[in-house]
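> Structure here, sequence nowhere to be found:
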């Protein structure tokens, strides 16, 4: 890895009532790098995302993003710093149209007073339009997000992340509940996004990970078990024992 | 030109609502004052006062809908803001009594003379001026809502926990205002009002004007509220209602949005209370009773959440039923109210407004972004 480090987790630990969800975990993600995270249930994948986005406070260790210490910042401050997050369960605004969902996510002044007198510029409308095309939802722009299929909601949420123009996207299980064709499209989309931003993807679907063709980190019991190409991971005996073999 | 920018914002239902409100607001006072008492068209004085009271309740319901229907904040304490607005205008009217009170003391309201107080408490100063009282009608509920909201929303108190502390807020105020030492007339509250801005509060013409003002306030607040909920701000608070964490992870300070809408809503409730008190002629601590706030929530649910006009309609209909039943079947009212709450929850989740939803495109007046694009190009 010659690219410079964008996100750096150093020896982080988090415990809930004595249960160590993360145990001395260290991880570095470079600028414009896409990284896949795999691991059995309870390995700490989602907790790790919670720590990065400020939802969960860590006990030990440090997290830095673009050389900025994230400790002490809340979700909003971290989101505005340039970290976007897609939740495991697709979370979009069901009672708003697809278009409005993207408009609300678009990078802009977030103050209530600005929002009261907000008007879309032509350039911004075009950006929403481009994102609609990119996430295959152009024909559904006027549909309520609640009326979308599960897979389409996943895309919409990814589209909302794009509108935020983050430098780092944390994407939790993007292809859960998708058809094979949709999964393939999602892999293409994420590879495309990774050209301009860093992406961390948590997934269980091995075919999808293969399609992404990126460096893989395996988490187990709250720390990194192995890291490398998918092929080397799949041949790693420790990984087979705790995860792949089961 | 203004009409052109406002009409699409209101939607068809909003325009119908405002038209009916304008007709009632002008028609009722007119039919009361300009027709003889034996005329078929005459509206009796008591009906004007009763109707004016309903309009104030409708404004209270609208303010509840703004926070609950759009932002998901179920306030069970909005009656507190309503009562505070009422007390502010009540204090002005107490000062207007002057030496005409039972004890003839020009400097102190009767209840203070009765308590052997010698000087007017500091917080009563200024209330001899109408403008000051009006300012307080806005400022007192607004400030309380700001402080309360700032603490609650910053600590991320949501859902049923928030509802419970709003209930505690109004209950605490109820107990405080009951105390004579508070200086707000204790148990009896403020009453025996004589006039407002020099006009007798008993006069039919004053009542007619108050009725008109109540309709006007309801109409204005409706337009303001519609303006807010149709803006990007409005879409964000709906987002907060449906998926709060999504809004937060998009980088919006959720607590600032909640605080803003909560304060605006509290001010509207305060204005409603200020119009209510001159019409009913009394304000006492029972207005802080938790049951009042809960009733306002039932009006809103009955009328239909998230439409604004539905909440107002709900308040009018339920109070009309209440007035009829408390006369015809006094013991039945609470049972009917309880039954209404249950029926609405189970069979009419969208309330009265939902019954009109079958009408073609009542609320679906969102301008198509594609059209916006075409227009811009």
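Now that the structure is in, tell me what you want to look at. Predicted, not measured: the structure shown is a model, and the values here were computed from it. Numbering: from 1, shown residues only, chains lettered A, B, ... in the order given.
> switch to C-alpha atoms for all contacts and neighbour counts from now on
Will do.
> How about the residues of chain A by chain B?
A:75-80, A:84-85, A:91-96, A:99, A:104-105, A:110-112, A:115-118, A:122, A:125-126, A:142, A:161, A:164 (CA under 8 Å from any CA of the partner chain).
> what about the residue of the stretch 1-150 of chain B found nearest chain A, how many neighbours?
As assessed by CA to the nearest CA, chain A sits closest to residue B:70 within the stretch 1-150 of chain B, at 11.1 Å. Counted with other CA atoms under 10 Å in any protein chain shown, residues neighbouring residue B:70 total 24.
> what about it, which SS state?
Here residue B:70 is recorded as coil under DSSP: H, G, I helix; E, B strand; the rest coil.
> picking up where we left off before, would you mind checking the residues of chain A next to chain B for buried ones?
A:75-80, A:84-85, A:91-96, A:99, A:104-105, A:110, A:112, A:115-116, A:125, A:142, A:161, A:164 (16 or more other CA atoms under 10 Å in any protein chain shown).
> Now go through these and say which are in strands.
Among these, DSSP state E puts A:84, A:85 in strands.
> burial count for residue 240?
You didn't say which chain, so I picked chain A. Residue A:240 has 13 nearby residues by other CA under 10 Å.
> look at chain B instead
Neighbour number of residue B:240 under other CA under 10 Å is 24.
> Assumed it was part of a helix.
Yes - counting by three-state DSSP, residue B:240 falls inside a helix.
> three-state assignment of residue A:218?
strand.
> How many neighbouring residues does it have?
For residue A:218, using other CA under 10 Å, the count is 21.
> and it, what is it in contact with?
Residue A:218 makes contact with A:37, A:38, A:39, A:224, A:225, A:226, A:227, A:233, A:239, according to CA atoms under 8 Å, 6 or more residues apart in numbering or on different chains.
> Of the residues you listed, which is the nearest to chain B?
Nearest member of the contacts of residue A:218 to chain B, counting by CA to the nearest CA, is residue A:37, at 20.9 Å.
> helix or strand for residue 209, which one?
In the absence of a named chain, this looks at chain A. Secondary structure assignment for residue A:209, by DSSP states H and E: helix A:206-212.
> meant chain B, my bad for not saying
helix B:204-230.
> do that helix and chain A meet?
Yes - contact between helix B:204-230 and chain A, assessed by CA under 8 Å from any CA, occurs at residue B:228.
> what do you get for stretch B:134-148?
No - for stretch B:134-148, no contact with chain A is found by CA under 8 Å from any CA; the gap never falls below 14.8 Å.
> Could you count how many residues lie near residue A:56?
By other CA under 10 Å, neighbour count at residue A:56 equals 15.
> Got the confidence number for it?
pLDDT, residue A:56: 93.
> about what we covered before: let me know the average pLDDT across the helix holding residue A:209.
92.
> what residue ranges in chain A score low on pLDDT?
Where chain A drops to pLDDT under 70, the residues are A:1-3, A:246.
> Start from the N-terminal end of it and give the strands.
A:5-16, A:19-30, A:34-38, A:60-65, A:68-69, A:83-86, A:168-172, A:198-202, A:215-220, A:223-228.
> can you pull the buried residues of the fourth one?
Buried positions in strand A:60-65, judged by neighbour count with 16+ other CA under 10 Å: A:61, A:62, A:63, A:64, A:65.
> Excluding chain neighbours, what is closest to the third one?
Sequence neighbours aside, residue A:9 is the residue nearest to residue A:63 in space, at 4.6 Å (criterion: CA to CA, 6 or more residues apart in numbering or on different chains).
> Is that neighbour in contact with residue A:58, as I believe?
No - in this structure residue A:9 lies outside contact range of residue A:58 using CA atoms under 8 Å: 11.0 Å.
> hang on, the earlier thing: quick one: which of the strands of chain A is nearest residue B:35?
strand A:83-86 (66.6 Å; CA to CA).
> which secondary structure elements does the closest one contact?
For strand A:83-86, the elements it packs on are helix A:150-163, strand A:168-172, judged by 3 or more CA pairs under 8 Å, 6 or more residues apart in numbering or on different chains; DSSP states H and E.
> Right, I'll call it a day here.
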